[in-house]
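**Q** Based on what follows, work out the 3D shape:
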Amino acid sequence: MSRLKLSASKTHFELDSKPIFLLSDTEWAAFQKLEPEDFEEFVIRRSQQGFNAIQFIVLPCTHDNSPGEKDMHPFHFKDGKYDFYNINDAYFDRAEKMLSIMKKYDMIPFLHLFWVNYIPDTWGEKSSPNTVMPYECVDPIARYMINRFKKYEPIYSVSGDTYFETELVVKYYKTVLDVLYELDPEGLTTLHIGPDAIPPEELCAHPQYHFYAYQSGHNNNLADPSIGQENIFRFSKMFLENPHKKPVMNTEPCYEGLSFAFEYGRFGSFHVRKAIWQSLLTGANLGISYGAHGVWQMHRHGEKYNNAVFASMPYSRYDALHFEGAWDAGYSKWLFENYDMTDMVHCEGGYKARSEKLCMAKKDGLRVVYLPYNDDFTFCEDLSDYDIKTICLESKRIITPKVTVENGETAVTKAVCNEDVLIIAKRK
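**A** Below is the predicted model of the structure:
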């Protein structure tokens, strides 16, 4: 298998010269908390569900964690803090064993190198002051990690949950981009940023910054869409309109089982599907990531979790591994690839419907519409030479709806199902 690349058009990923949809599971804390033989269970499960990548936080996120006595650490301790001058090689030995397991299943590592808690002048410093890294350590630690991991041909993110508050923050991350550009320039690289964060010009122009990654976040405020899940529309548009043109991916949609960010309630499989399809059809169409609350931090029964005030207590990692939303994520990949949705373009008009929450994308010979709530829908064009299907996304049923073409418009009657749907029109 060759290495993942951007297409010549810089619009999609390719593997072995063929378009590929990147579907990554989120297992942020696996390096810190799992033995390789336990990790393989997760790889097997996700591989069978259609996932082809796994996201890791290489250096632990300490402020959003389920600390355990068996946790491993990337550095030795001095005076109760990480000693950044004294790397724990055993931690990285174990991580390499996990990446070797992934290679057996043709899974792509997606490595997030320096989470926000290691960077001064950030909100992460306030949450985890004992993990802030001296600037002089950034270059050698980045070199150490990249030299160990590059043989596994990963995707990289140099940052995590970052807002670029000061020039010093930018300096830290530019240093990591520079090291990557020197040591592994073929490694596709992005920045994992906080919701509403805008990467500065200096980083956007860097030759090692290959694609935009946003997180749509974990709020579900129905009264205020500006801090709810409808932000997906805004975030996709914001990055697609950036003068530095790069393809876009939502690498942290709402996690299944996580609470509504300080509010009562938890995201379910419907919210996962909605975030997936709204992302893909508004232009963030490189792929998607999925997260299960309990898997991402590798939580065990009986452990304490230090961010429950925001996210509520997690499920155990083995319970969360079996959430239904992972199957929905795998099904989205199958549909995307089966209907060749690569390089579709978001449409802000060209249809008639009762809600603005739906979204449509198209390319020559193909139209795809996502409706979070099943309803009648009309294309403002004559699609009499198209085959039209309704895909029921919860039940996975494929329905042939009643279609009426009249006066240059194509009306699709709602299918007999009460769930979110895709309407797919493909030229015959």
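**Q** Is Glu263 bridged to anything, and to what?
**A** Listed by DSSP bridges, the beta-bridge partners for Glu263 are Phe260.
**Q** let's have the chain start at 625 instead
**A** Taking 625 as the first residue, the last one we looked at is Glu887.
**Q** what's the neighbour count on it?
**A** A count of neighbours around Glu887, defined by other C-beta atoms under 10 Å, yields 13. For the C-beta atoms, the positions are set from N, CA and C on the backbone; glycine is no exception.
**Q** Could you do Ile732 as well?
**A** Count around Ile732 with other C-beta under 10 Å applied: 24.
**Q** Who are the contact partners of it?
**A** Neighbour list for Ile732: Leu628, Leu646, Ser648, Asn676, Ala677, Ile678, Met726, Glu777, Pro778, Ile779 [criterion: C-beta atoms under 8 Å, 6 or more residues apart in numbering].
**Q** Repeat that for Ile743.
**A** So Ile743 contacts Glu749, Val756, Met757, Ser783, Thr786, Val793, Tyr796, Tyr797 (C-beta under 8 Å, 6+ apart).
**Q** where exactly do the strands run in the stretch 875-1024 of the chain?
**A** Secondary structure of the stretch 875-1024 of the chain, counting by DSSP state E, counting those that start in this stretch: strands at 883-884, 887-890, 911-914, 969-971, 975-976, 983-987, 990-995, 1001-1003, 1010-1016, 1022-1023.
**Q** got a list of contacts for the fifth one?
**A** Outside strand 975-976, the residues that touch it by C-beta under 8 Å, 6+ apart are Met984, Val993, Phe1001, Thr1002, Phe1003, Cys1004, Glu1033.
**Q** Make JSON lines out of those and add pLDDT.
**A** Rendered in JSON lines, the data for those read as follows (pLDDT from 0 to 100):
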{"residue": "Met984", "pLDDT": "98"}
{"residue": "Val993", "pLDDT": "98"}
{"residue": "Phe1001", "pLDDT": "97"}
{"residue": "Thr1002", "pLDDT": "97"}
{"residue": "Phe1003", "pLDDT": "98"}
{"residue": "Cys1004", "pLDDT": "98"}
{"residue": "Glu1033", "pLDDT": "98"}
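**Q** PyMOL command for the buried members of those residues?
**A** Listed next is the PyMOL selection for buried residues among the contacts of strand 975-976, using 16 or more other C-beta atoms under 10 Å:
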select buried, resi 984+993+1001+1003
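**Q** Among the contacts of strand 975-976, which one lies nearest to Arg669?
**A** Taking C-beta to C-beta as the measure, Arg669 lies nearest Val993 of these, at 31.2 Å.
**Q** mind listing what the most centrally placed residue in the chain touches?
**A** In the chain, the centroid-proximal residue (C-alpha atoms, centre = their mean) is Thr875; its distance is 1.7 Å. By C-beta under 8 Å, 6+ apart, the contact set of Thr875 is Ser648, Gln679, Phe734, Ser781, Thr814, His816, Ala837, Tyr838, Gln839, Ser913.
**Q** Is the second one in a helix, a strand, or coil?
**A** The three-state label given to Gln679 by DSSP: H, G, I helix; E, B strand; the rest coil is strand.
**Q** secondary structure class for the closest residue to it other than its chain neighbours?
**A** Counting by C-beta to C-beta, 6 or more residues apart in numbering, Gln679 lies nearest to Phe734, which is 4.4 Å off, once chain neighbours are set aside. Look at Phe734: counting by three-state DSSP, its state is strand.
**Q** Quick check: which element contains the closest residue to Arg991 other than its chain neighbours?
**A** What sits nearest to Arg991 in space, not counting adjacent residues and going by C-beta to C-beta, 6+ apart, is Ala1049, at 4.2 Å. Assessed by DSSP states H and E, Ala1049 sits inside strand 1045-1051.
**Q** pLDDT below threshold where in this protein?
**A** 625, 846-851 (pLDDT under 70).
**Q** What ranges does it have for its helices?
**A** 654-657, 660-672, 713-728, 747-751, 759-773, 791-807, 825-828, 855-864, 893-905, 932-935, 941-944, 949-962 (DSSP state H).
**Q** Nearest to Asn843, out of those helices?
**A** helix 855-864 (7.9 Å).
**Q** Could I get the CA-only coordinates of that closest one as PDB?
**A** Provided in PDB are the C-alpha atoms of helix 855-864 (Å, rounded to 0.1, in the frame of the first residue of the first chain):
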ATOM      1  CA  ASN A 855     -22.200  25.700  13.200                       C
ATOM      2  CA  ILE A 856     -21.100  23.000  10.800                       C
ATOM      3  CA  PHE A 857     -22.500  25.100   7.900                       C
ATOM      4  CA  ARG A 858     -20.500  28.200   9.100                       C
ATOM      5  CA  PHE A 859     -17.300  26.300   9.700                       C
ATOM      6  CA  SER A 860     -17.200  24.600   6.300                       C
ATOM      7  CA  LYS A 861     -17.900  27.900   4.600                       C
ATOM      8  CA  MET A 862     -15.200  29.700   6.600                       C
ATOM      9  CA  PHE A 863     -12.500  27.300   5.600                       C
ATOM     10  CA  LEU A 864     -13.500  26.900   2.000                       C
END
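**Q** Can you give me the buried ones in that helix?
**A** Asn855, Ile856, Phe857, Phe859, Ser860, Phe863, Leu864.
**Q** centre of the chain versus that helix, how much separation?
**A** The chain centre lies 14 Å from the centre of helix 855-864; the measure is C-alpha atoms, centre = their mean, to the nearest Å.
**Q** Tell me what angle that helix forms with helix 893-905.
**A** 20 degrees (axes from the mean of the first three to the mean of the last three C-alpha atoms, to 10 degrees).
**Q** helices or strands next to helix 855-864 in the packing?
**A** When contacts are defined as 3 or more C-beta pairs under 8 Å, 6 or more residues apart in numbering; DSSP states H and E, helix 855-864 sits against strand 836-838, strand 872-874, helix 893-905.
**Q** so of the ones you listed, which one's packed in deepest?
**A** strand 836-838 (a mean of 27; mean count of other C-beta atoms under 10 Å).
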